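Asker: I need the structure of the sequence given here:
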Amino acid sequence: MEVILNVDTTTENQIAEWMINEIKFRGMLRQEEAIEHVKQHFGEQYVFVNDKGNVSLEKEVKKAFRKQHGGRIAWDRDGFFWAWT
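Answerer: Modelled structure (predicted):
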């Protein structure tokens, strides 16, 4: 009998899960900390420099993150961090 798990194990989803767990545990996650962790543990291909010159997470990572948190986490544009809402 074949067992099918409904688990998405893409790297983007693993990064999103790590981010959510950090925010659950600490209450917030600074962008610079997330960028550094992602580069060290997942690879530089998951970050880029945007048109404003800021380092950012790759689009598919942010998409997976939004999908997983379902609106329970907000981005603070002035402070460059995510936090529980």
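
Asker: in the chain, which ranges drop under the pLDDT threshold?
Answerer: By pLDDT under 70, the weakly predicted segments of the chain are 1-8.

Asker: 90 instead?
Answerer: 1-9, 52, 54, 85 (pLDDT under 90).

Asker: Just the helices from it, written as ranges.
Answerer: In the chain, the segments counted as helices under DSSP state H are 11-26, 31-41, 59-69.

Asker: out of these, nearest to Asp76?
Answerer: Smallest distance to Asp76 across those (C-beta to C-beta): 9.5 Å, for helix 31-41. All C-beta spots, glycine's among them, are computed from the backbone N, C-alpha and C.

Asker: can you give me how far the closest one is from the chain middle?
Answerer: 9 Å (C-alpha atoms, centre = their mean, to the nearest Å).

Asker: Please work out which residues outside that helix touch it.
Answerer: Contacting residues not belonging to helix 31-41 are listed as 15, 18-19, 22, 46-47, 55-57, 61, 80-82 [C-beta atoms under 8 Å, 6 or more residues apart in numbering].

Asker: Export those as CSV, with columns for distance to Val38.
Answerer: Compiled in CSV, the contacts of helix 31-41 are given as follows (distance: C-beta to C-beta, whole Å):
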residue, distance to Val38
Ile15, 6
Trp18, 8
Met19, 9
Glu22, 11
Tyr46, 5
Val47, 6
Val55, 10
Ser56, 10
Leu57, 7
Val61, 7
Phe80, 15
Phe81, 15
Trp82, 13
